[in-house]
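J.: Requesting a structural model of the entry that follows:
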Amino acid sequence: MKKVGFFRSIQLKFIIIYILLLVVAVQVIGSYVARQLEVELLDNFKESINDRIDLLNYNLEQAFSKKRTDDPLEPTLQEDVQSIVTDVNTSSGITTIQVINNQGRVLGTNDYLNQDIIGKKITEEIVQRAIKFRTSMDNTSYNSKTGERVFIRVEPIHDADENVQGVIYLSTSLEGVYGQLQKINEIFLKGSVIALVVSVILGILIARAITKPIVEMRRQAQTMARGDFSQKVNVYGNDEISQLAVTFNHLNDRLKHSMATIEKEQKKLSSVLENMTEGVIATDSKGEITLINEAAARFFNENPNSLISKDLLKLLSLDEKVEDIIELQQSGSIVLDLSEGEEIFLVRANFSVIADLHQDQKRTSGLIAVLSDVTEEERVEQERREFVSNVSHELRTPLTTLRSYIEALTDGAWEDPNIAPKFLEVTRNETERMIRMVNSLLQLSRMDSKELTLNRENVDFVPYFHKIIDRFEMNEKDGKITFVREIPAASYFVWIDKDQMTQILDNIISNAVKYSPDGGKITCKIQLQIRQIVISVKDEGIGIEYDKLDKIFDRFYRVDKARTRKLGGTGLGLAITRELVEAHYGRIWVNSIEGKGTTIYFTLPLINEKRRREA
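T.: Numbers count the residues shown, from 1 in each chain. Here you go, the predicted structure:
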């Protein structure tokens, strides 16, 4: 966030508002005071003039009322008037006084420079009106010659009968009053300027005091926006801003606690999502991916970040089948085929809608898809179906043979001494074959349910292996099969169940005998490795195709089904062998070249010296 400059800050706004209010107040007060002061000064000035005119008017009335004689030494009216006017004090600002009779002629004036006006007739309208209407008149005019404002007052002089004998004409300058008013205004202006400067300084200090907590809260809000809740806003008092600061600190504590809780929950959610074997995908209402964990991304061999904002329907290749993501929830779960080439990869997707309340109504805001790898489940299910099918097929063949021979015997073949023994022999062989198959199935069932118990003992494997081979050699006295032993003259002690190990070796060697041609050679070998021995049995039979090597340990799998049935095999021997080898903590595998023979290997862990002595 950009730093707010001073000229755009609330502090400057406070200062401007404060100064504007102060200026408006000063202007209103100044205007009011100036106006009232002007009125008061003018009133005082006029009152002073009126007092002097009243005194002058009294003296002039006496002069006009005085009875005159013909004595030449007695002063005339004009002389008395001039004497009275001359004695008027003009230091108060009165400039011109004229006494005019009712005929409009000047009888006297105090203007020494304008004595020629005495005896002349005055035609000014204000004088004529005052004589005519017998009342005093005044006005203020502007003297264009001197550039001064002039106050003019005309006061009638009455006799005892209230007849107008003349008028007093007074003309005085108002510049002294207005000059005094101007000085007062200048003083007021200087005081206003000083007050304004002081107010600006005080306004800045007050604005800073007001905005300082706001600036601190703004700075703290920016700090909180970055996720730092360690700082607090200072509280400077108990006013509203201080209460706001206290509330802001409380909000900071609540946000800190809430963010810690959210972060904790997010870490839990992230940990859960990262450690889930199932893939989790969340979308918005448009079907665009907003969250995806590593497990889900691995299903598509993509980086999780690269799948954000991708369309879920396109990612799952469902865009041609489904138009809206809401339809996915209605479909429940879907098995997706993500196989590439010959490698089968099946994923089950379960969908659920994310709904939130909007105006008391549920609104779909997204979708959650949970992806599970069901390849192994499908494989197990397929194997189960194949196992049931194979068992049914394997049991049906001998049962069909038994039924056919028993029906033949029932129909009278038992009376034929040549046929009956053969039929009974076949019946016995098929019965033994079914018994072997059922026993093998029971043994596999016990292994699958972990019910197989091994009676282990400390055995020197070299002499034990020789005895097993000796037994097979005795059964091959006709010399059709030759046994070659590559067994070192040493002692290798192993911890085994001799009966189960005998079954392992019998299954492996008997298979080698079955598939070896006449005159073939079977090589039995022991090799020493680190903490284990490797036992191998190699034949020179028909061999196994490379792509079928991993299947020979599957249940009911036969390389040559026709030959195996002819030799009495059930297809379960190597499956049992693998389970028994793994029960002895070993590992079994096969190498084969088609047409050149097969070698089966398995390992057994050796017993250490200390354990062998204890045994």
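
J.: rest of the way, CA atoms for contacts and neighbours
T.: Fine.

J.: Low-confidence ranges, the stretch 251-400 of the chain, go.
T.: 329-332, 341-342, 356-362, 380-397 (pLDDT under 70).

J.: mind redoing it with 80?
T.: 269-277, 285, 317-333, 336-345, 353-365, 373-400 (pLDDT under 80).

J.: And the stretch 101-250 of the chain, by the same measure?
T.: In the predicted model, the stretch 101-250 of the chain carries pLDDT under 80 at residues 143-147, 160, 203, 206-216, 218, 227, 229-230, 236-242.

J.: which residues of it fall in strands?
T.: Remark: strands assigned in the stretch 101-250 of the chain by DSSP state E, counting those that start in this stretch are 106-109, 137-143, 148-158, 164-173.

J.: Just put the ones you listed in a markdown table and tack on distance to residue 239.
T.: Output for these, formatted as a markdown table (distance: least, C-alpha to C-alpha, whole Å):
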| stretch | distance to residue 239 |
| --- | --- |
| strand 106-109 | 74 |
| strand 137-143 | 58 |
| strand 148-158 | 57 |
| strand 164-173 | 59 |
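
J.: just so I know, which of these lies nearest residue 26?
T.: Closest of these to residue 26 is strand 148-158, at 28.1 Å (criterion: C-alpha to C-alpha).

J.: Relative to the closest one, what are the paired strands and their orientations?
T.: Strand pairing for strand 148-158, using DSSP bridges, gives strand 137-143 (antiparallel), strand 164-173 (antiparallel).

J.: Which stretch among the strands of the stretch 101-250 of the chain is buried most, on average?
T.: Across these, averaging neighbours per residue (mean count of other C-alpha atoms under 10 Å) puts strand 106-109 on top, at a mean of 24.

J.: Which strands or helices does that one pack on?
T.: Here strand 106-109 touches helix 77-86, strand 94-101, going by 3 or more C-alpha pairs under 8 Å, 6 or more residues apart in numbering; DSSP states H and E.

J.: Point out the most buried one among the ones you listed.
T.: It is strand 94-101: most buried of the helices and strands packed on strand 106-109 by mean count of other C-alpha under 10 Å, with a mean of 22.

J.: mind listing what that one pairs with, with the direction of each?
T.: According to DSSP bridges, strand 94-101 has these partners: strand 106-109 (antiparallel), strand 164-173 (antiparallel).

J.: Quick one: those as CSV, columns for distance to residue 226 too.
T.: Below are those laid out as CSV (distance: least, C-alpha to C-alpha, whole Å):
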stretch, distance to residue 226
strand 106-109, 93
strand 164-173, 77
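
J.: how about these, which one is nearest residue 573?
T.: strand 164-173 (144.4 Å).

J.: Now the strands paired with strand 148-158 in TSV, please, with extra columns for distance to residue 112.
T.: Formatted as TSV, these follow (distance: least, C-alpha to C-alpha, whole Å):
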stretch	distance to residue 112
strand 137-143	20
strand 164-173	15
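
J.: and the longest helix seen in the chain, average pLDDT?
T.: As assigned by DSSP state H, the longest helix anywhere in the chain is helix 10-65. Taken as a whole, helix 10-65 has a mean pLDDT of 83.

J.: which helices and strands does it pack with?
T.: Applying 3+ C-alpha pairs under 8 Å, 6+ apart, one finds that helix 10-65 contacts helix 77-86, strand 148-158, strand 164-173, helix 175-225.

J.: quick one: which of the strands paired with strand 94-101 is nearest residue 577?
T.: Going by C-alpha to C-alpha, the one of the strands paired with strand 94-101 nearest residue 577 is strand 164-173, 141.3 Å.

J.: Leaving out chain neighbours, which residue sits closest to residue 512?
T.: residue 539 (5.4 Å; C-alpha to C-alpha, 6 or more residues apart in numbering).

J.: Surely residue 367 is in contact with residue 280?
T.: No - using C-alpha atoms under 8 Å as the test, residue 367 is too far from residue 280 to be in contact (10.5 Å).

J.: between the two, which one's more packed in?
T.: Each of residue 367 and residue 280 has its neighbours counted (other C-alpha atoms under 10 Å); residue 367 has more, 25 against 22.

J.: check contacts around the more buried one.
T.: Contacts for residue 367 (C-alpha atoms under 8 Å, 6 or more residues apart in numbering) come out as 282-285, 287, 325-326, 351-354.

J.: for it, which residues make a bridge with it?
T.: Under the criterion used (DSSP bridges), residue 367 bridges to residue 283, residue 353.

J.: From residue 300, how far off is it?
T.: 19 Å (C-alpha to C-alpha, to the nearest Å).

J.: and what of residue 170?
T.: 115 Å.

J.: May I ask which helix or strand encompasses residue 494?
T.: strand 493-496 (DSSP states H and E).
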